[in-house]
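In: Sequence first, predicted model second:
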Amino acid sequence: MMKLFGYTPDGAVVNSYELRNKKGMELNVINYGATVASLKVPLKTGEFIDVVLGFENLEGYIKSFQLKGAPYFGATVGRFAGRINNSTFDLDGKTILLNKNNNNHSLHGGIANFSQKVWTVDTINEGNNPSISLSCLSPDNDENYPGDLSIKLTYTVSEENELIIEYHATTSKDTIVNLTHHSYFNLDGHKSDVLEQELIVNSKKRLETTDENIPTGKFLNTVDSSFDFSRPKKCPSEIDTTFVLENKEEFAATLFNPKNKLKMTVYTNQAGVHIYVGGNCFNEIKGKENGAYNSVSGICFETQNFPDAPNHKHFPNSVLKKEAVYNHKTIYKFQSL
């Protein structure tokens, strides 16, 4: 089902699209930022809970990018998720200087990033495992990145109550790519925080970072540290950390709400999961259900390559060659226990 969601300041039409599986799990996507605006998951009680933060209208999403810390609620992030140190990297013998939007660094693709573009809706499939596919063309030199980058993104609501996200991208010139999904999850809805929800991260290493959250290139052991989430721990009030995923066959992380017994498990084929607790709207914009989102309103599981990967030769390669295809798959699976 499609509905008008609003118009951007330059008059582009933004619609919302609703998909529902046979169990009633319901996904709402807007084509501004290819954003997940709501995700309603069934509980054993018969109730439904919207597990992602967001806004009731387009104005909220647009205004959120003017906050002192843009939250990127539910958005598709790119060309490059995370920070690139000093907004520079070398590629094919050239030094490329990106636009700066985070101190001296480039964050989440720069100033006019994918999260603020109006995407094209290509196909909608209803019935079993309903899905929606969206596309976006990022032209050569967009935010100073080389190459025409063509992205196709598909959201699927499986009959097993999974949100499956698949990205494919091709380029006309060698470039760098690192896409991610930026939903803030809260398995208790919009009126409470995530501090009583339990986190597991299937990782024994994390990236060391500077005070400006730039990777140093070192890996730190998480075992028996405050970053050891191998057993369930309550969500921390502050975390902004990339965890290394060494076994792609296993889950990356889980979140569990003891109050309503809802569990979310994250799977991905990516090298890392960046975990961030936040969502603060600084009392400037109200969230869904008139929620006053604060710094502990939600938790992100940003499955991706490592931030600043182009500047560290021992990090997984982030270069997408001309004629090659970028493939990224992430699954968020929900279970009412």
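Out: Here it is on my side, so go on. Numbering: from 1, shown residues only.

In: tell me the contacts of Lys94?
Out: Listed by CB atoms under 8 Å, 6 or more residues apart in numbering, Lys94 has no contact partners. For glycine as for every other residue, the C-beta is placed from the backbone atoms N, C-alpha and C.

In: who does it bridge with?
Out: Beta bridges link Lys94 to Leu91, judged by DSSP bridges.

In: ok, so what distance separates it from Asn178?
Out: Remark: distance between Lys94 and Asn178 (CB to CB, to the nearest Å) = 19 Å.

In: quick one, helices of the stretch 51-200 of the chain?
Out: For the stretch 51-200 of the chain, the helices defined by DSSP state H, counting those that start in this stretch occupy 58-64.

In: Tell me where it has strands.
Out: Secondary structure of the stretch 51-200 of the chain (DSSP state E, counting those that start in this stretch): strands located at 76-77, 83-84, 88-91, 94-97, 106-107, 120-125, 131-138, 149-157, 162-171, 175-176, 180-181, 184-185, 198-201.

In: Tabulate the ones you listed in a markdown table, adding columns for mean pLDDT.
Out: Shown next, in a markdown table, are the strands of the stretch 51-200 of the chain (pLDDT from 0 to 100):
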| stretch | mean pLDDT |
| --- | --- |
| strand 76-77 | 98 |
| strand 83-84 | 98 |
| strand 88-91 | 98 |
| strand 94-97 | 98 |
| strand 106-107 | 97 |
| strand 120-125 | 98 |
| strand 131-138 | 98 |
| strand 149-157 | 98 |
| strand 162-171 | 98 |
| strand 175-176 | 98 |
| strand 180-181 | 98 |
| strand 184-185 | 98 |
| strand 198-201 | 98 |
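
In: Which among those strands is found nearest to Phe229?
Out: strand 198-201 (3.9 Å; CB to CB).

In: now the closest one: how far from the chain's centre is it?
Out: Computed by CA atoms, centre = their mean, to the nearest Å, the chain-centroid distance of strand 198-201 equals 18 Å.

In: In the sheet, which strands lie alongside that strand, parallel or antiparallel?
Out: Strand pairing for strand 198-201, using DSSP bridges, gives strand 233-234 (antiparallel), strand 253-257 (antiparallel).

In: Which among those strands is found nearest to Cys136?
Out: The minimum distance between Cys136 and the strands paired with strand 198-201 falls on strand 253-257, with 27.1 Å, by CB to CB.

In: List of residues touching the closest one?
Out: Strand 253-257 is contacted by residues 185, 187-188, 194, 196-202, 229, 232, 235, 243, 262-266, 273, 275, 299, 301 when judged by CB under 8 Å, 6+ apart.

In: what mean pLDDT would you report for that strand?
Out: Averaged over strand 253-257, pLDDT sits at 98.

In: buried stuff in stretch 288-304?
Out: Residues of stretch 288-304 classed as buried: Lys288, Gly291, Tyr293, Val296, Ser297, Gly298, Ile299, Cys300, Phe301, Glu302, Thr303, Gln304 (neighbour count, 16 or more other CB atoms under 10 Å).

In: thinking again about what came up before, would you mind finding the most buried of the strands of the stretch 51-200 of the chain?
Out: Using mean count of other CB atoms under 10 Å, the stretch among the strands of the stretch 51-200 of the chain with the largest mean neighbour count is strand 180-181, at a mean of 28.

In: What is that strand packed up against?
Out: strand 76-77, strand 298-304 (3 or more CB pairs under 8 Å, 6 or more residues apart in numbering; DSSP states H and E).

In: what's the spacing between the closest residue to Ser131 other than its chain neighbours and Asp188?
Out: Spatial nearest neighbour of Ser131, chain neighbours left out: Thr156 (4.1 Å); criterion: CB to CB, 6 or more residues apart in numbering. Per CB to CB, Thr156 is found 25 Å from Asp188.

In: pLDDT on the strand or helix carrying Thr216, on average?
Out: Element membership for Thr216 (DSSP states H and E) is strand 215-221. The average pLDDT for strand 215-221 rounds to 98.

In: now stretch 11-31
Out: On average, stretch 11-31 scores 98.

In: and the end-to-end length of it?
Out: Separation of the first and last residues of stretch 11-31 by CA to CA, to the nearest Å is 14 Å.

In: How far away from the center of its chain is that stretch?
Out: Taking CA atoms, centre = their mean, the mean C-alpha location of stretch 11-31 is offset from the chain mean by 17 Å.

In: May I see the buried residues of that stretch?
Out: Using 16+ other CB under 10 Å as the test for burial, stretch 11-31 gives 14, 16-19, 21, 25-31.

In: quick one on the thing from earlier: for the strands of the stretch 51-200 of the chain, which one sits closest to Lys3?
Out: Nearest to Lys3 among the strands of the stretch 51-200 of the chain is strand 120-125; the distance by CB to CB comes to 12.7 Å.
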